[in-house]
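**Student:** Model the following, please.
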Amino acid sequence: MLIKMQYTGERVIPEVMNPKNGHLLEHVARYEFAKSYCRGRVLDIACGVGYGIDILLDGPQEEKITEIVGLDVCQESIEYAKHMYGFLKATFYQQDISEENLYKKYGTFDTIISMETIEHLQDDYGFIDNLTKLLKDDGTLIISTPFGRGRGKPCGCPFHLHQYVEEEFLELLKPFKKVIMYHQIDETIEIPQADKKYYLMVAVCEK
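**Tutor:** Modelled structure (predicted):
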């Protein structure tokens, strides 16, 4: 049975988007970047329609991944993910990701991916606390968020409660022992260069 979904401008659905769509290509680039860090049990939190799992399990890196769990609050997206990307190593669950103690329900993970999630959540510090509990002691978190005028300040996107300056984002990530910050422009994710203007941060965090 074909499950149809409509692109709304915020949620990425590769099957209904132009393959040259810049928004799609930027999101794909982030998953390609995250793929090199993935190992063991992997959690894609706020996985949307699940297209990221297809990227993570494509290529030799798949051998390092034992399982991928995708969580998202939208039941329609989860049903689509199960239909389109329900591979042998992947399972999807409808879940309010702001719920406390998710680790009691899903266990702990070697790698967690959180792409453009934290800016949607009122309790951003509570979300980071949840991630630290879900992550194993030697685990890696890859988390991204757009630049903005500051935490809680008005921004141009009606879906976002926060758009951070870099210092605020780093403050949120203080529970991790090591954080390496990358910046993104178009499909390029790199250590920031002084002569470039970026619009999104990608942090690689070690617990």
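**Student:** only C-alpha atoms for contact and neighbour calcs from this point on.
**Tutor:** OK.
**Student:** what helix or strand is residue 70 on?
**Tutor:** Using DSSP states H and E, residue 70 sits within strand 65-72.
**Student:** can you pull the buried residues of the following helix or strand past that strand?
**Tutor:** Elements were assigned by DSSP H and E; along the chain past strand 65-72, the next helix or strand is helix 75-85. Counting neighbours by 16 or more other Cα atoms under 10 Å, one finds that the buried residues in helix 75-85 are 77-82, 84-85.
**Student:** Packing partners of the strand holding residue 70?
**Tutor:** In terms of contacts (3 or more Cα pairs under 8 Å, 6 or more residues apart in numbering; DSSP states H and E), strand 65-72 is packed against strand 40-45, strand 90-94.
**Student:** C-alpha coordinates for that strand, CSV please?
**Tutor:** In CSV, the C-alpha atoms belonging to strand 65-72 read as follows (Å, rounded to 0.1, in the frame of the first residue of the first chain):
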residue,chain,number,x,y,z
ILE,A,65,25.8,-0.5,13.1
THR,A,66,23.9,-3.2,14.9
GLU,A,67,20.6,-1.5,15.2
ILE,A,68,18.9,1.9,14.5
VAL,A,69,15.9,3.1,16.4
GLY,A,70,13.9,6.1,15.0
LEU,A,71,11.6,8.1,17.2
ASP,A,72,9.2,10.9,16.2
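**Student:** Now it: average pLDDT?
**Tutor:** Averaged over strand 65-72, pLDDT sits at 96.
**Student:** Break down this protein into its helices, ranges please.
**Tutor:** Listed in chain order, the helices of the chain (DSSP state H) span 22-35, 51-56, 75-85, 103-106, 124-134, 166-172.
**Student:** Out of these, which gets nearest to residue 149?
**Tutor:** helix 166-172 (9.9 Å; Cα to Cα).
**Student:** So in this protein, which strand runs the longest?
**Tutor:** Under DSSP state E, the strand in the chain containing the largest number of residues is strand 135-146.
**Student:** hmm, who's touching that strand?
**Tutor:** 34, 37, 108-119, 163-164, 199-207 (Cα atoms under 8 Å, 6 or more residues apart in numbering).
**Student:** And stretch 191-200, by the same measure?
**Tutor:** 144-147, 181-185.
**Student:** Could you give the separation between the terminal residues of stretch 115-122?
**Tutor:** For stretch 115-122, the first and last residues are 16 Å from each other (Cα to Cα, to the nearest Å).
**Student:** sorry, back to before: list only buried entries from the contacts of stretch 191-200.
**Tutor:** Counted by 16+ other Cα under 10 Å, the contacts of stretch 191-200 give 144-147, 181-184 as buried.
**Student:** Among these, show me the least confident.
**Tutor:** Ranked by pLDDT, the buried ones among the contacts of stretch 191-200 bottom out at residue 147 (84).
**Student:** list the contacts for it?
**Tutor:** By Cα under 8 Å, 6+ apart, the contact set of residue 147 is 163-166, 198-201.
**Student:** Buried ones among the residues you listed?
**Tutor:** Here, 16+ other Cα under 10 Å leaves 163-164, 166, 198, 200-201 buried among the contacts of residue 147.
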